[in-house]
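*Asks:* Have a look; sequence and predicted model below, questions after that.
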Amino acid sequence: MRRLLPKSLRGQLVLVILATFVVVQIINLWLFVDERRLAVRAALGLEAAGRAANVVRLIEAAPADLRPDILRAADSPLVRFSLSDTPSVDHLNHDMGGVIQSRIRSFLDDADAHEIRVELHQTGPVSVMEKVAPEMVRMHEQMMGLDLASVEMQLAIALRDGQWLNVSTRFHRPPIQWPWISTLSYALATLIIMATVWVALSRLTGPLRKLATAAESLGRGETVPELPVQGPEELRRLTTAFNEMQGRLTRFVSERTRLLAALGHDLRSPLTALRVRAEMVDDDETRERLVAIIEEMQEMVESTLSFARGMVTAEETRTVGVPDFLTELVADISDVGGDATLQDVAPMRVRIKPVAMRRALRNVIENAIRYGGGASVAAMRDGNNVMITVSDHGTGIPHDDLERVFDPFVRVEKSRNLETGGTGLGLSIARTVIQAHGGDITLSNRPEGGLLVEIILPLGSEDMEPQS
């Protein structure tokens, strides 16, 4: 059932309103039918009561030998009249609030001289009374054509000569009648309401979709223009808060980048001067050690600048094919002597900043080659993400250091040699770039030996599952 429900806010709100409207209409229909049944039953009961009162007047005014003819003439498929010395109703009245008695007495001249008893109760399907002409039976069956429950009314009216006129009548529950014009009017009203709600909700959900798209783009490190403030008050406040948050984040990243860039630039001049002075040292061993230390410092300065540029805001985000991107990257690394191989790669597209992402993945792959003796690269789809894995066959990393190695200048390899230990910024730069794209990177030791690097990146919008 959840798969059939709309996923968008507008679709769910429209569905809730439509369901509420349908329930209200069903309740209205039920009340309408119930009131109609009560009205029809009351009308039939009053008609039978008036008919019985007229028969009483005819019988009392006519000679005794005409009474049987009057009763036969008054009989119908659903109403039967008879004369008896005893009443058919032998208990207290079950009248509709005295309405039937009042109706009968209104037709009689001397109403107080007649005792009237009324009994109403539910009965089974409507059946034709006994002793009715076959022609009337057939006519009744053709008119009814339905097997419906009915209400039976028994009347007992005392005559002046002491006899009782007993009346037995049945009237069926009227069937549900729903005119086409009413159905069309409800359908038209529903369509108009749904169209109005759909258009009105667009004013709310449209800006929300734009806000969600902008937040997703900002999470990937893309440049997002300031969103227009529109819609209801709550949405306007949310949009304003997003614009202010984006401005603060942009200023923070820019200031950090400028600070590190200025620091790196200012350190270049004294390092260059130190290099010149170191070359002038006469002792070979001392000179070589000084030059090595200065080169390490220069490398750290350059790495620091690279780390500061990890979120490269100037580069445009583009949608690229994952197989082609990884194939070209692995080929470039292999061309310079790196032991890197590309395994299975599913056809996918991802939105990235190609230069920054290429640099991040290169750092990860080169680490696998340097410390694990070779890198095996693969990519697969994981929901609305692409998972890129880089594995090696080295000794792995101690469990306590799996997260710590992402900190700047942290090196598991304790050597100060740049050829073996690096500067400790490679994985820091990689995580900075990947997280700036809305993804993440994790490390784990493989059971069979070696390190496994898993990189998660959001897919391009054309490859993502529909979210409507």
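*Replies:* Received it, and whenever you're ready, just let me know what you need.
*Asks:* Now do the SS call for E454.
*Replies:* Assigned state for E454: strand (three-state reduction, DSSP: H, G, I helix; E, B strand; the rest coil).
*Asks:* Near it, how many other residues are there?
*Replies:* By other C-beta atoms under 10 Å, 15 other residues sit near E454. For glycine as for every other residue, the C-beta is placed from the backbone atoms N, C-alpha and C.
*Asks:* And L227, by the same measure?
*Replies:* That count, for L227 with other C-beta under 10 Å as the rule, works out to 18.
*Asks:* For the closest residue to it other than its chain neighbours, give me its contacts.
*Replies:* Nearest residue to L227, sequence neighbours excluded (C-beta to C-beta, 6 or more residues apart in numbering): T239, at 5.2 Å. Going by C-beta atoms under 8 Å, 6 or more residues apart in numbering, T239 touches 207, 211, 227-231.
*Asks:* So which of the residues you listed wins on neighbours?
*Replies:* P207 (20 neighbours).
*Asks:* backbone phi and psi for that one, please?
*Replies:* The phi/psi pair for P207 (degrees, to the nearest 10) reads phi -60, psi -30.
*Asks:* Verify the contact between it and P232 for me.
*Replies:* No: P207 lies out of contact with P232 (C-beta atoms under 8 Å); the separation is 9.2 Å.
*Asks:* What distance do you get for R359 to I352?
*Replies:* 11 Å (C-beta to C-beta, to the nearest Å).
*Asks:* element containing the residue nearest to L227, please.
*Replies:* In the assignment (DSSP states H and E), T239 maps to helix 233-279.
*Asks:* More neighbours: R359 and I352, which one.
*Replies:* Remark: of R359 and I352, I352 carries more neighbours, 30 against 18, as counted by other C-beta under 10 Å.
*Asks:* quick one: the more buried one and L457 touch, right?
*Replies:* Yes: under the criterion of C-beta under 8 Å, I352 makes contact with L457 at 6.9 Å.
*Asks:* list the residues that contact both of these two?
*Replies:* With C-beta under 8 Å, 6+ apart as the test, I352 and L457 both reach H437.
*Asks:* pretty sure L457 is in a strand, no?
*Replies:* Yes: the assignment for L457 by three-state DSSP puts it in a strand.
*Asks:* Now do it against G374, distance only.
*Replies:* 23 Å.
*Asks:* Check E60 too.
*Replies:* Taking C-beta to C-beta, one finds E60 at 121 Å from G374.
*Asks:* And for P207?
*Replies:* 51 Å.
*Asks:* Next secondary structure after the helix or strand of the chain with the lowest mean pLDDT?
*Replies:* For the chain, using mean pLDDT, DSSP states H and E, the weakest element among its helices and strands is helix 418-421, scoring a mean of 48. Next in sequence after helix 418-421, counting helices and strands by DSSP H and E, comes helix 426-436.
*Asks:* Measure how the helix holding T239 sits relative to helix 426-436, angle-wise.
*Replies:* 160 degrees (axes from the mean of the first three to the mean of the last three C-alpha atoms, to 10 degrees).
*Asks:* for helix 233-279, what is the average pLDDT?
*Replies:* Mean per-residue pLDDT for helix 233-279: 80.
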